[in-house]
Every structure is written in C-alpha cells, then in structure tokens.
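Asks: fold the stuff below for me.
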Amino acid sequence: MAKLLLIEDDAATAEEILGDLHGRGHEVAWAATGPDGAVAARSGGWNAIILDRMLPGLDGLTLLRDLRGAGDRTPALVLSALGDVDERIRGLRAGGDDYLGKPFVLAELAARIEALLRRPTDIRETVLRVGTLELDLIARTGRRGQRDLDLLPRELKLLEYLMRRPGQVVTRAMMFEEVWNYRFTPKSNLIDVHLGRLRKKLETEGEPMLIHNVRGEGFTLSPDV
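Replies: Got it, this is the predicted structure:
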C-alpha cells in the first residue's frame, strides 16, 4: 500500500480516482486547490503525488517547480486536458516524472502510479535545482537565476554534494570524504578556501546567501526562495 496525494479541483474526477486507488489498497489524501495541495505536499511522507495541470489559486506546474526547488523529489504524475506534445514537455521540465492526458482510463492511471512506485529510490538526478540555483551534471554547467556560473571541476563537485542535501548540515569530514575521497580530516583550510571561492561565484552583490556556516557543526545550503 502506498501513501498518495491527489491534487485535483474537479470533484467528480477526484472521486473516481479516489475510489479506484482506494480499491487497489492505496491510502489517498485529496486537496482541491493549488495552495491546499502545496501545504499537503510540503508535509511530506508521500510515496507519489498526482496533480492536475490547471488548479485554482496556484498552477500545478508552478506548485511542482516550487517543490523541486525546495529539494522535494517525491515522484509526481501530472494530469491535464492539455495533451499536446509541447504541454507534456512543459510538465516534464517542471519536474514531473510522468504525464497523463485527460480523459484517461483509471486502469492506466493506476499502472502509471505503480510504475513510479517501482522506480529505485536512489535514482541520481542529472539536473539539480535548489531555489534559483541549477546544476546540469551532464553539461557540467551551473546557473543562478539568469546568470551562468563559471565553475571549476572541484567546485562543481562540491556544489553537487551540497545541492543533494539542501538544508542539511554537512561537516568538513563529510566533504573531505565525499568530494576529495579522504578518509581522514587533514589539518588544512582546503574546505574553507574552496567554499570561499564557490560563494563568490554564487553570491554576487545583492543576492541572498546560499551557503551558511553552522557554528561548531559545518555548513548548509539553503534555498534562496
């Protein structure tokens, strides 16, 4: 049994989905507006999210982008009456894992959800997003908002490590082991030097800080939105 969140403003459609998924043994919660769906999604603990493209109060794709920007990687299936190719591409680029056009057969919706639930939980994303910060690991490029970042290989690897753990405190020892492959903590300021250079590239004048010192513990990367 999976714990699913359905964000759908059409009551008749929602009732059909709820009845079918409940009958298949899943636990499903329903939110009827974008803002209510955002609150429910941020509460966490969901195995998958099903959300409509057009929602009152907050567009479904905007909601999804906000979740991805905050580091939420819960599998998401986008439902929409807008079924053309460009629209499907928008849904996937916003962070959707699958896209299903309306009208649809309930059995297909259930099958797609089951496919999302079977995916390994340790899939490594190739494009990371935290707030306005984006890192493309294949192209090896970074952006903050509309500004390109000129990152050296070690800076890119260090930023990747931090972006995979948004809001989590990481210690120098953790960074030495994962980024430099050291199994001990050298008596050097290597971490501080690299973080200092990275900060200068990420945080130009007037931009909110992204990398924060946590006194006595380490560092954390926080979204800027």
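Asks: in contact with the closest residue to residue 58 other than its chain neighbours, which residues?
Replies: Take residue 58 and drop its neighbours on the chain: the residue closest to it by CB to CB, 6 or more residues apart in numbering is residue 34, 2.6 Å away. Backbone N, C-alpha and C define where each C-beta goes, glycine included. Neighbouring residues of residue 34 by CB atoms under 8 Å, 6 or more residues apart in numbering: 7, 55-60, 62-63.
Asks: give me the buried entries from those.
Replies: Burial by neighbour count, 16 or more other CB atoms under 10 Å: within the contacts of residue 34 this picks out 7, 55, 58, 60, 63.
Asks: nearest to residue 169 among these?
Replies: Using CB to CB, residue 63 is the member of the buried ones among the contacts of residue 34 that sits closest to residue 169, with 27.8 Å.
Asks: surely residue 25 and residue 1 touch.
Replies: Yes. Under the criterion of CB atoms under 8 Å, residue 25 lies in contact with residue 1, with a separation of 4.8 Å.
Asks: now intersect the contacts of residue 34 with the helices, please.
Replies: With DSSP state H as the criterion, helices contain 60, 62-63 from among these.
Asks: kindly reformat the contacts of residue 34 as TSV containing distance to residue 141.
Replies: Putting the contacts of residue 34 into TSV (distance: CB to CB, whole Å) gives the following:
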residue	distance to residue 141
7	32
55	32
56	37
57	34
58	30
59	27
60	28
62	24
63	27
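Asks: how far does the helix or strand where residue 220 lies sit from its chain's centre?
Replies: Residue 220 belongs to strand 218-221 when assigned by DSSP states H and E. The gap between the average C-alpha position of strand 218-221 and the chain average comes to 19 Å, counting by CA atoms, centre = their mean, to the nearest Å.
Asks: with stretch 104-116 instead?
Replies: Stretch 104-116 has its C-alpha centroid displaced from the chain centroid by 22 Å (CA atoms, centre = their mean).
Asks: buried set for that stretch?
Replies: When neighbours are counted by 16+ other CB under 10 Å, the buried residues of stretch 104-116 are found to be 109-110, 112-113, 116.
Asks: closest one to residue 177 out of the residues you listed, please.
Replies: For residue 177, the nearest member of the buried residues of stretch 104-116 is residue 116. The distance, counting by CB to CB, is 32.3 Å.
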